[in-house]
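> predicted coordinates and the sequence they were generated for:
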Amino acid sequence: MAVPFVIASDLPRDARVYVYGSGTGGQALARYLIRSGLDVAGYIDSFREGRVDGLPMHRFDQYLTMRRPGDALLIGSTFVGEIERHLVAHGITDALDGSLLAAAFLEQSRMASRVVDGRIRLTVPEAG
């Protein structure tokens with residue numbers, strides 16, 4: 001099982017950091033890592049490649065050929081179990097689970113978007 005990831009200072013400053021998952025959770029996690037002063041080398045995705053938020057996105061099969069000892073791989077997706085099984089099947093057992101942290105950042109962002117004039121705007125459904 002992937003070790004839960006809680007704080008950026010737990011990662012070695014010289015590690016190449018990759019985030020597995022290029023969706024909103026992975027992007028929120030990558031932004032946090034960058035704000036914390038870490039060098040995020042890119043995203044890993046099961047099937048896609050390209051760029052996300054200016055960072056390279058590699059397919060998993062590409063990452064396998066690039067992987068180096070000391071790389072930090074953080075799972076920033078809600079599909080943690082599936083991704084973890086996939087990683088272990090390919091001999092990667094040191095990934096960190098950043099999914100809860102990513103979810104917390106997304107919720108924080110959603111809450112911030114509801115703040116108006118210093119107050120939280122609540123939407124109450126009408127009785128029907």
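Yep, that arrived.

> any stretches of the protein with poor pLDDT?
Within the chain, the segments meeting pLDDT under 70 span 1-6, 106, 108-128.

> contacts for the helix or strand harbouring residue 34, please.
Per DSSP states H and E, residue 34 falls inside helix 24-35. With contact meaning CB atoms under 8 Å, 6 or more residues apart in numbering, helix 24-35 is reached by 8, 11, 17, 19-21, 40, 43, 52-53, 55, 74, 76-78, 98-99, 101-103, 105-106, 109. Placement of C-beta: from N, CA and C, glycine included.

> same thing but at 7 Å, please
8, 17, 19, 40, 43, 52-53, 55, 74, 76-78, 98-99, 101-103, 105-106, 109 (CB atoms under 7 Å, 6 or more residues apart in numbering).

> residue boundaries of the strands in this protein?
Here the chain has its strands, by DSSP state E, at 3-4, 17-20, 40-45, 50-52, 55-59, 72-75, 96-97, 115-116, 119-120.

> strand partners of the third one, parallel vs antiparallel please.
Applying DSSP bridges to the sheet, strand 40-45 is found paired with strand 17-20 (parallel), strand 55-59 (parallel).

> can you say which of the ones you listed is packed in most?
Highest mean neighbour count of these: strand 17-20, a mean of 27 (counted as mean count of other CB atoms under 10 Å).

> pull that strand out as PDB, backbone CA atoms only.
This file holds the C-alpha atoms of strand 17-20, laid out as PDB (Å, rounded to 0.1, in the frame of the first residue of the first chain):
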ATOM      1  CA  VAL A  17       9.300  14.600  -8.400                       C
ATOM      2  CA  TYR A  18       6.600  13.200 -10.600                       C
ATOM      3  CA  VAL A  19       2.800  13.300 -10.000                       C
ATOM      4  CA  TYR A  20       0.800  10.300 -11.300                       C
END
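
> quick check: residue 18 touching residue 45?
No. The pair residue 18 / residue 45 is not scored as a contact, 10.5 Å apart, by CB atoms under 7 Å.

> how about residue 57: what's its closest non-neighbour residue?
Spatial nearest neighbour of residue 57, chain neighbours left out: residue 43 (4.2 Å); criterion: CB to CB, 6 or more residues apart in numbering.

> same thing with residue 75?
residue 20 (4.8 Å).
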